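A.B. asks: here is my input; please provide its structure:
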Amino acid sequence: MTKKAHTPSNQSVMAQLLAQPSAKPVSLQKNTELDASIVAISKNSAWFDVGGKALAVLGNREAKDISTYLPYLKPGEKIHVRIISPENRDGHPVVSLSRFFDTGKWKILNDKKSAEEAIEVVCGEYGKGGLFVDFMGVRGVIPKIQLLPEFMDNPERLSGQKIKVRVLEVDELKNRLVVSQKAVISGMSNQDILKQFDDIEVGGTYDARVLGTSEFGVFCEVGGVEGLIHISEISWEKVVDAASFVTPGKTIKVFVVEKNRNDMKLNLSLKRLTPDPWSEIEQRYPKDKLLEGEIVRQERYGFFVRLAPGVEGLIHVSKLRGSEGLGVGQKVQVYVERINTIERRMSLVLPETQKPVLYR
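C.D. replies: Residues are numbered from 1 along each chain as shown. Next up, the predicted model:
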């Protein structure tokens, strides 16, 4: 007994199939879910052996999108389908691949990661996390460090292009996909990349190449691993513009604060390579010593005075008469009223201001 089938465009494949004997056909009901064998697949159609009297065909709506999956679906493979019609007007069951479209792409990504095989993605815009890409509707990212060197300075050049990448991280529950363009070209295995990461030690000092800056810090490469110097870790002083401290392409020394193995990224610091100016702060700035500083910032609640790089104190408005004529950039003499070493705060008073009882 042979299977009845409306012949698809691939005549030779179907001819071979029709020549094969078939087991007793099963009864197919609407919404039945089962594993089917792919018999033939092309850019606009797919045929499956579902154990019925005739081959099943993919529904017209989904057939329009099947071309995206062609590199990953081969005749002979098993795939989960759902019967949406036991029989169309040509006598064929009609099936849906909705579950595969929802979850099968994640299986492909996990399989490709395990096999360390390349996939093809479409590049999108460049954002703070890297270059965004699309794989069958799954949004992923290529960290800047994982781009080829010629694209690191201008990742936007890849926008709209299809490129080969390798999967570094995939997590369906977190809807997370991280891929590498560099790994495909370099031939580095995932184990090689992991070893690069593991070789870097927390608390160590390393050379880092500056990749770029943003409003929240500096992106660097340390031994092939991506790292971030958060803006709060650039200097002991308050930093407003990270770009004023580094130059892209230059090599700088950095201190490794933390390693995030889930993201394969490093948290780095510049300021921790220099002494903490708040160390022994109370001994260096006793209350009975007249100090000189510069007003660097004015807020509604007072004036911030820099006594040394990384050391600022506040003259609160409650300590002022309002006639002092203070302004940013002005040099002033002050006394220390109070120091909070935990919160790294210092209250200052002008010499003319009457000192509170607790100060004496």
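A.B. asks: contacts, neighbours, all on C-alpha from now
C.D. replies: Will do.
A.B. asks: hey, C-alpha coordinates of the helix or strand hosting D111 in CSV?
C.D. replies: For D111, the enclosing helix or strand under DSSP states H and E is helix 105-115. The C-alpha coordinates for helix 105-115 follow below in CSV (Å, rounded to 0.1, in the frame of the first residue of the first chain):
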residue,chain,number,x,y,z
LYS,A,105,14.5,27.9,17.5
TRP,A,106,15.8,27.6,21.0
LYS,A,107,16.6,23.9,20.5
ILE,A,108,18.5,24.9,17.3
LEU,A,109,20.5,27.5,19.2
ASN,A,110,21.3,25.0,22.0
ASP,A,111,22.3,22.4,19.5
LYS,A,112,24.5,24.9,17.6
LYS,A,113,26.1,26.0,20.8
SER,A,114,26.9,22.4,21.8
ALA,A,115,28.3,21.6,18.4
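A.B. asks: next secondary structure after that helix?
C.D. replies: Next helix or strand after helix 105-115 toward the C-terminus (DSSP H and E): strand 118-127.
A.B. asks: and the next helix or strand after that following strand, average pLDDT?
C.D. replies: Next in sequence after strand 118-127, counting helices and strands by DSSP H and E, comes strand 130-135. Regarding strand 130-135, the rounded mean pLDDT is 91.
A.B. asks: just checking: what are the partner strands of strand 130-135?
C.D. replies: In the sheet, strand 130-135 lines up against strand 118-127 (antiparallel), strand 138-142 (antiparallel) (DSSP bridges).
A.B. asks: deepest of the ones you listed, which one?
C.D. replies: Stretch with highest mean neighbour count among the strands paired with strand 130-135: strand 138-142 (a mean of 21; mean count of other CA atoms under 10 Å).
A.B. asks: run through who's touching the following helix or strand past that strand.
C.D. replies: Using DSSP H and E, the helix or strand that follows strand 138-142 in sequence is helix 149-152. Helix 149-152 is contacted from outside by K144, I145, R157, L158, L211, using CA atoms under 8 Å, 6 or more residues apart in numbering.
A.B. asks: quick one on the thing from earlier: quick one, the helix holding D111 and strand 138-142 angle?
C.D. replies: Using axes from the mean of the first three to the mean of the last three CA atoms, to 10 degrees, the direction of helix 105-115 lies 30 degrees away from that of strand 138-142.
A.B. asks: need the contact partners of helix 105-115.
C.D. replies: For helix 105-115, the surrounding residues in contact (CA under 8 Å, 6+ apart) are Y72, A118, I119, M136, V138, R166, V167, L168, E169, V170, E172.
A.B. asks: out of these, which is most surrounded?
C.D. replies: R166 (28 neighbours; other CA atoms under 10 Å).
A.B. asks: H230 touches L268, doesn't it?
C.D. replies: Yes - in this structure H230 lies within contact range of L268 using CA atoms under 8 Å: 7.3 Å.
A.B. asks: in terms of packing, which of the two has more residues around it?
C.D. replies: L268 (31 against 20).
A.B. asks: the helix or strand where the more buried one lies pairs with which strands, and in what direction?
C.D. replies: In this structure, L268 sits in strand 265-269 according to DSSP H and E. Looking at strand 265-269 with DSSP bridges, its partner strands are strand 225-230 (parallel), strand 251-260 (antiparallel).
A.B. asks: of those, which stretch is the most buried?
C.D. replies: Compared across the strands paired with strand 265-269, strand 225-230 shows the largest average neighbour count, a mean of 23 (mean count of other CA under 10 Å).
A.B. asks: distance between that strand and the chain's centre?
C.D. replies: Going by CA atoms, centre = their mean, to the nearest Å, the spacing between the C-alpha centre of strand 225-230 and its chain's C-alpha centre is 12 Å.
A.B. asks: same thing with stretch 165-174?
C.D. replies: From the chain centre to the centre of stretch 165-174 is a distance of 11 Å (CA atoms, centre = their mean).
A.B. asks: what's the answer for stretch 330-348, then?
C.D. replies: With CA atoms, centre = their mean, you get 40 Å for stretch 330-348.
A.B. asks: ends of that stretch, what's the gap?
C.D. replies: End-to-end distance for stretch 330-348, by CA to CA, to the nearest Å: 15 Å.
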